[in-house]
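Visitor: quick check, what structure comes out for this input:
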Amino acid sequence: MKLKLFAPLFWLLIAPAVLCAATGVLRPTAWKPIAANNLSVQMVYAYRQWQSLGLDLEAGDQVTIRAEGQWQYSPYVGLHGPEGGGKPVTVDTYPIADRYSGVDGGALIGRIGDTGTPFYVGRGTVIFVELPGKLYLRINDDLLGDNKGALTVTVTVTRMDGSGEGR
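Guide: Below is the predicted model:
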């Protein structure tokens, strides 16, 4: 009779403890939380030139960039996301101006260092750093005066030196 009274109490107290312990034992070491100093969340504005995120990257680093929000590079296109406004670039004055690159006007782009080659970011990308430098982001546009909006950008930097530690 007493066992029937304690059975619900057993399942309420002991079962969750067993599940938590099993999760801790079975969890791979790769599933660890990202330390706050390894994660950067910042705003990138449509009406500003190259914007430094203040992250000094080193050769071998893996950088994961994710972006969300809306901005516009032309009042004729309207608001759109970080992938761009759906119009291919047809002028040579954009940071990524090659119409065959597939990068639209208004897309989020990046570069490493003051003179690095621009690359497409869009909603997100993973890059491996070849040359050290600061990470810069901006909108793919040449005339910033009619732009508006901003994107929230989350950047995670992982040191790829074999130690498995982030930065």
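
Visitor: ok, now which ones touch Ile112?
Guide: By Cβ atoms under 8 Å, 6 or more residues apart in numbering, Ile112 lies in contact with Leu57, Val129, Leu131, Pro132, Gly133, Lys134, Leu135, Tyr136. Using the backbone N, CA and C atoms, a C-beta is placed for each residue, glycine as well.

Visitor: one more time with 7 Å, if that's ok
Guide: Leu57, Val129, Leu131, Gly133, Leu135 (Cβ atoms under 7 Å, 6 or more residues apart in numbering).

Visitor: all strands for this protein, in order.
Guide: 39-45, 51-57, 62-72, 108-112, 119-120, 124-128, 133-139, 148-158 (DSSP state E).

Visitor: returning to what we had before: now list the buried members of the contacts of Ile112.
Guide: Neighbour counting over those (16 or more other Cβ atoms under 10 Å) leaves Leu57, Val129, Gly133, Leu135 as the buried ones.

Visitor: among those, which one sits closest to Gln51?
Guide: Nearest to Gln51 among the buried ones among the contacts of Ile112 is Leu135, at 9.5 Å by Cβ to Cβ.

Visitor: what's the closest of the buried ones among the contacts of Ile112 to Tyr94?
Guide: Of all the buried ones among the contacts of Ile112, Tyr94 sits closest to Leu135, with 19.8 Å by Cβ to Cβ.

Visitor: so how far is the first residue of stretch 76-92 from its last?
Guide: By Cα to Cα, to the nearest Å, the extent of stretch 76-92 from end to end equals 19 Å.

Visitor: gap between it and the chain center?
Guide: 20 Å (Cα atoms, centre = their mean, to the nearest Å).

Visitor: and for stretch 106-124?
Guide: With Cα atoms, centre = their mean, you get 12 Å for stretch 106-124.

Visitor: same check, this time on stretch 90-110
Guide: With Cα atoms, centre = their mean, you get 20 Å for stretch 90-110.

Visitor: same thing with stretch 153-161?
Guide: That offset, for stretch 153-161, works out to 9 Å (Cα atoms, centre = their mean).

Visitor: now for Leu53, how many residues are close by?
Guide: 19 (other Cβ atoms under 10 Å).

Visitor: how about the nearest residue to it, chain neighbours excluded?
Guide: Leu135 (4.9 Å; Cβ to Cβ, 6 or more residues apart in numbering).

Visitor: which residues pair with the one you found across the strands?
Guide: Here Leu135 sits in beta bridges with Ile112, going by DSSP bridges.

Visitor: ok, it - contacts?
Guide: Listed by Cβ under 7 Å, 6+ apart, the contact partners of Leu135 are Leu53, Leu55, Leu57, Val63, Gly110, Ile112, Val155.
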